[in-house]
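# sequence first, predicted coordinates after that:
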Amino acid sequence: MKQFKDFGKSQTFLDGDKIKIEEVLNTEIIILNYSIKSSNYKKNKSGDYLTLQIEIDSKRKILFTGSDVLIQQLKDYGKEIPFTATIKKINKFYTLT
C-alpha cells in the first residue's frame, strides 16, 4: 500500500496573528518565512501577493501585501531567511531596509 508521505508534497503553513503592514512600519522585525501566490485581485503589476511571516516582540505575526517591491526583494533574498529588516514606506511603495 502506498503512503502519502512517499508521493505527497508537504506544504509550509505560515502561522501567526494577522496584522496590517502599517503596524510594523519603521520597526525592526525578524523575517521568518514567506509565500508568494497569484492574487485574485490583480491590483499590482505582478498579479501576485506576498504573505510574510515575521516575529516582533517575541510573537509570530503574518501580514499580506501586494507590494511588487517587497515581492521582488523576497524572491531575490528569501534564501537568506531568517534575517532582521525594517519595512519602510517611500512615497507610494514599501521596501525592506
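Nice, thanks for sending it over.
# CA atoms for contacts and neighbours, from now on please.
Noted.
# contact partners for Thr97?
Shown in contact with Thr97 (CA atoms under 8 Å, 6 or more residues apart in numbering): 85-88.
# show me what contacts the closest residue to Ser38 other than its chain neighbours?
Setting aside the residues directly before and after it, Ser38 is nearest to Asp48 in space (CA to CA, 6 or more residues apart in numbering), at 4.2 Å. Residues counted as contacts of Asp48 (CA under 8 Å, 6+ apart) are 36-39, 42, 66, 68, 71.
# which of these count as buried?
Buried members of the contacts of Asp48, counted by 16 or more other CA atoms under 10 Å: 36, 66, 68, 71.
# list the helices and strands the helix or strand containing the first one packs on?
Ile36 is located in strand 28-38, with elements delineated by DSSP states H and E. The criterion is 3 or more CA pairs under 8 Å, 6 or more residues apart in numbering; DSSP states H and E, and the helices and strands that strand 28-38 contacts are strand 48-56, strand 83-90.
# pull up the pairing partners for the first one, direction included.
The one in question is strand 48-56. strand 28-38 (antiparallel), strand 59-65 (antiparallel) (DSSP bridges).
# how about those, which one is nearest Glu22?
strand 59-65 (9.7 Å; CA to CA).
# outside of that closest one, which residues touch it?
14-21, 49-55.
# if you average pLDDT over that strand, what comes out?
Taken as a whole, strand 59-65 has an average pLDDT of 96.
# stretch 30-47 too?
The average pLDDT within stretch 30-47 is 86.
# from the chain's centroid, how far away is it?
8 Å (CA atoms, centre = their mean, to the nearest Å).
# what does it contact?
Residues contacting stretch 30-47 (CA under 8 Å, 6+ apart): 14, 48-56, 66-68, 71, 74, 78, 81-85.
# do that again at 10 Å, thanks
For stretch 30-47, contacts defined as CA atoms under 10 Å, 6 or more residues apart in numbering pick out 12-15, 48-58, 60-69, 71-72, 74-75, 78-86.
# no more questions from me, cheers.
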